[in-house]
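> my questions are about this predicted structure, shown below with the sequence.
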Amino acid sequence: MIAPERRRVVAAARIELAAPLASFRDPMFPGVTRCLPVPPLSTLRGMLAAATGRVAEHVELGVCAHADGSGVDTETYHPVASDGSNPAVAGRVAPVKGGMTIRARPFLSRVHITLWIPDPEADRIVAALRRPVWGLRLGRSQDLVHIRAIAAVTLHPADEAVVGHALAVPGGHTDPRGVMLRLPGMVSTDRLTTAYGEYLWCAEPGGWQRVTGAYRDGDQAVWLHGAPSCAEGAKAGEGTSGWPG
């Protein structure tokens, strides 16, 4: 890890987002609607790709996120049979065995997200967010995102900062409230391969303390996360999409 005094300041865009409702399905639990407490980086990169109109966005991200509340909803699923025996009509399938079913779906309410995108990608992403190609959503069509504020900031290398709800690298701080989350970072375009990463996060905001590998925006600690490599053997620069839920 490079010492703070040897790292340079970073020009970046700070983007504050809000979502009334969102549900981030944990891909580590297939067939079970377990909700992640924060948006995966793959979901955030997918949202940015929708804004820019690109197949994928491999941008470096700093993330701070939390939700004010949570609940459980019921959703109707209409799975389409792979052999075509129960085709969908107007988006619905017949309620036979293996057909329409109702499941509980946990969700988060009043979701707050702050992103930091460093130069040279910041200006391009900000311009796209102001006039997005596609609607801004956090995965599901109903999980709409609102932009609250966008500002140009300077990130300073830090050895002390306020952790808050930032996604930190493992070992980035020693706050006892921190828990390790395993989150998707990228999903391949064919959705067959997911690249995961481990992140340290505090459900209750972490306070002012020593940090490792972090920058500081005001008092807030920021850890920048690069896009992980997705499919083994994939072509360099091959696009990935990012909405696992």
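Nice, I can see it.

> tell me where the model's unsure across this structure.
Within the chain, the ranges that satisfy pLDDT under 70 run 1-6, 28-32, 78-86, 88, 91-100, 229-245.

> by contact count, what packs against the longest helix seen in it?
Identified as the longest helix of the chain according to DSSP state H is helix 41-52. Judged by 3 or more C-beta pairs under 8 Å, 6 or more residues apart in numbering; DSSP states H and E, the packing partners of helix 41-52 are strand 61-77, helix 122-130, strand 178-188, strand 240-241. Using the backbone N, CA and C atoms, a C-beta is placed for each residue, glycine as well.

> at 6 Å instead, please
helix 122-130, strand 178-188 (3 or more C-beta pairs under 6 Å, 6 or more residues apart in numbering; DSSP states H and E).

> which residue ranges form the strands in the protein?
Here the chain has its strands, by DSSP state E, at 10-22, 61-77, 101-118, 146-164, 178-188, 194-202, 206-217, 220-222, 224-225, 240-241.

> would a markdown table of those strands with distance to Ala51 and mean neighbour count be doable?
Formatted as a markdown table, the strands of the chain follow (distance: least, C-beta to C-beta, whole Å; neighbours: other C-beta atoms under 10 Å):
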| stretch | distance to Ala51 | mean neighbour count |
| --- | --- | --- |
| strand 10-22 | 10 | 19 |
| strand 61-77 | 14 | 16 |
| strand 101-118 | 11 | 18 |
| strand 146-164 | 10 | 16 |
| strand 178-188 | 17 | 19 |
| strand 194-202 | 21 | 19 |
| strand 206-217 | 22 | 20 |
| strand 220-222 | 21 | 26 |
| strand 224-225 | 19 | 18 |
| strand 240-241 | 13 | 24 |
